[in-house]
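S.K.: Got a predicted model here, sequence first, then my questions.
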Amino acid sequence: MIEIKAHLKYLRMSPRKVRTVANLIKGKPAAEAEAVLGFLARKPAIPLQKLLKSAVANAKHNFNVEKENLFVKNIRVDNGPTLKRFMPRARGSASPIRKRESHITIILNVKN
């Protein structure tokens, strides 16, 4: 069974917010998942759609498999490194700001 993978690392979006969009396309056919991401008005939808197109292109180039025969087997959103910044507050103190990053892996599979 052929597994097609694509990775996106160091995406400057919170993994928690990316997971909400990623869960919408898990298990769907590749064409349907691309359509869902195209009409979704959420910020993570754009890089996820780009990653899905990359995985479909990998399937076409490396295994000669068309988009109609693919479905999203798994999509995983992991934590990347956190950038720590500080915001000045009253009386000379500062509070931390955590700018989170995501690592995304998408795995496509061929329909039977």
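M.R.: Here it is on my side, so go on.

S.K.: longest helix of this structure?
M.R.: helix 45-58 (DSSP state H).

S.K.: Return the residues in contact with the residue positioned nearest the centre of the chain.
M.R.: The centroid of the chain falls nearest to Leu48 when counting by C-alpha atoms, centre = their mean (4.1 Å). If a contact means C-beta atoms under 8 Å, 6 or more residues apart in numbering, then Leu48 has Val18, Val21, Ala22, Ile25, Leu37, Ile75, Ile104, Ile106 as its contacts. C-beta here means a position set from N, CA and C on the backbone, and glycine is covered the same way.

S.K.: Next, the residue located most distally from the centre of the chain: secondary structure please.
M.R.: Largest separation from the mean C-alpha position in the chain: Arg91, at 41.0 Å (C-alpha atoms, centre = their mean). Using DSSP: H, G, I helix; E, B strand; the rest coil, the structure places Arg91 in helix.

S.K.: what's the answer for the one 4 residues further on, then?
M.R.: Using three-state DSSP, the structure places Ser95 in strand.

S.K.: Report whether the expected contact of it with Phe86 is present.
M.R.: Yes - using C-beta atoms under 8 Å, Ser95 makes contact with Phe86 at a distance of 7.0 Å.

S.K.: picking that back up, now do the buried residues in the longest helix of the chain.
M.R.: For helix 45-58, a neighbour-count test (16 or more other C-beta atoms under 10 Å) marks Ala45, Pro47, Leu48, Gln49, Leu51, Leu52, Ser54, Ala55, Val56, Asn58 as buried.

S.K.: phi, psi of the nearest residue to the fifth one once chain neighbours are set aside?
M.R.: Taking C-beta to C-beta, 6 or more residues apart in numbering, and ignoring the residues beside it in sequence, Leu51 has Leu8 as its nearest neighbour in space, at 4.8 Å. Leu8 adopts backbone torsions of phi -130, psi 120, taken as degrees, to the nearest 10.
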